[in-house]
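Participant: prediction below, plus the sequence it came from.
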Amino acid sequence: MTTDNKVCHLTPQSTMGKVILVGAGPGDPDLLTVKALRMLQQADVVVYDRLVSNEIIELIPEKTDLIFVGKRAGNHCVPQDGINQILVEEALKGQIVVRLKGGDPFIFGRGGEELEALLPHDIPFEVVPGITAAAGCAAYAGIPLTHRDHAQSVQFVTGHLKSEKEQIDWSSLARTNNTLVFYMGLNQSGEIRRRLEAHGMSPLTPAAIVERGTSHNQRVLPCSLETLEIIAAHAESPALIIIGSVTQLAHKLSWFEPKQSLLSCYSEMTEVAEDKREII
Ligand code: SAH
């Protein structure tokens with residue numbers, strides 16, 4: 001998008017707006033890209049959802065129209081068709097529309113579906129990538145997703161396991177020297193544990209849950225595959241589940257200091273896991 005698009009009123013195409021799909025990153029406003037910030041400053045309207053942090057919304061000029069289409073698990077505020085329709089209608093009015101999404105718009109963000117909805121109307125679009133939650137949370141938790149001594153590959157997996165479209169190759173996930181990052185997996189942690197164990201992953205495999213990653217309320221809850229479900233019951237959304245021996249490195253590589261330190265989370269979660277085992 002250039003300012004030229006906004007000032008050139010005379011050509012027939014001038015009534016057509018544009019949609020810019022922008023990744024806002026995982027929360028910390030400093031993780032917004034320079035291009036994302038520039039797009040937010042030039043937009044006529046910003047359509048955003050729940051995962052975009054308030055600090056980022058505060059960077060949007062006051063004159064810009066804001067449309068919240070936030071979604072919560074299983075309780076869509078505006079259904080996907082409705083969001084698509086808003087984007088189309090605003091662009092057809094000639095607006096420069098920023099569709100702002102948490103993390104990266106092409107990673108579990110339905111960004112592709114939203115762009116596909118623009119095609120029949122010939123609405124032009126651009127995509128600005130963002131730091132996806134896996135990259136942001138891992139960095140701020142001190143967990144390198146790959147490491148020559150631990151993991152030669154990393155997989156990002158949806159935790160939405162019950163959908164009819166699910167076609168996850170669990171045996172490929174359960175292999176060694178591989179890091180798994182589950183998005184939207186908190187409510188499915190029991191299922192994740194059972195399926196990985198059934199495909200041969202050791203119950204002692206180290207894991208961690210990163211809650212509200214990159215924010216000052218970030219918590220890193222260390223666990224193992226065996227205790228994942230128990231620890232997940234104490235975690236709040238948004239949270240990522242990271243499974244693999246790289247998670248152990250957080251003890252020595254953790255650098256970010258949110259309100260609750262890794263050490264206090266560790267002792268708290270160890271107690272939770274031990275109490276639960278005694279009860280069982
Ligand atoms: N497009 C986004 C992901 C959207 S799916 C991205 O690239 O990051 C929503 C899921 O992302 C949440 O359920 C959670 O699993 C994860 N997530 C997003 N932001 C997060 C954060 N700050 N901390 C932990 N997990 C986060």
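Facilitator: Sure thing, it's come through.

Participant: what about Glu90, which SS state?
Facilitator: The local conformation at Glu90, judged by DSSP: H, G, I helix; E, B strand; the rest coil, is helix.

Participant: give the contact list for it.
Facilitator: By C-beta atoms under 8 Å, 6 or more residues apart in numbering, the contact set of Glu90 is Gly17, Asp44, Val45, Val47, Ile67, Val97. Placement of C-beta: from N, CA and C, glycine included.

Participant: let's see 6 Å
Facilitator: Neighbouring residues of Glu90 by C-beta atoms under 6 Å, 6 or more residues apart in numbering: Val45, Val97.

Participant: Ala117 too?
Facilitator: Counted by C-beta under 6 Å, 6+ apart, Ala117 has contacts Asn84.

Participant: which residues in the stretch 51-200 of the chain form strands?
Facilitator: Taking DSSP state E, counting those that start in this stretch to define them, one finds strands in the stretch 51-200 of the chain at 65-68, 71-72, 75-76, 96-101, 125-128, 153-158, 178-183.

Participant: mind listing residues that contact the first one?
Facilitator: The list of residues contacting strand 65-68 from outside it, by C-beta under 6 Å, 6+ apart, reads Val45, Val46, Val47.

Participant: in CSV, list the residues you listed along with secondary structure.
Facilitator: As requested, these are exported to CSV (three-state DSSP):
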residue, secondary structure
Val45, strand
Val46, strand
Val47, strand
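
Participant: lowest average confidence, helix or strand, in the chain?
Facilitator: Every helix and strand in the chain was compared by mean pLDDT, DSSP states H and E; the lowest is helix 3-7, with a mean of 46.

Participant: near the ligand, which residues of the stretch 51-200 of the chain show up?
Facilitator: Residues of the stretch 51-200 of the chain found near the ligand (C-beta under 6 Å from any ligand atom) are 51, 101-104, 107-109, 132-133, 137, 183-184.
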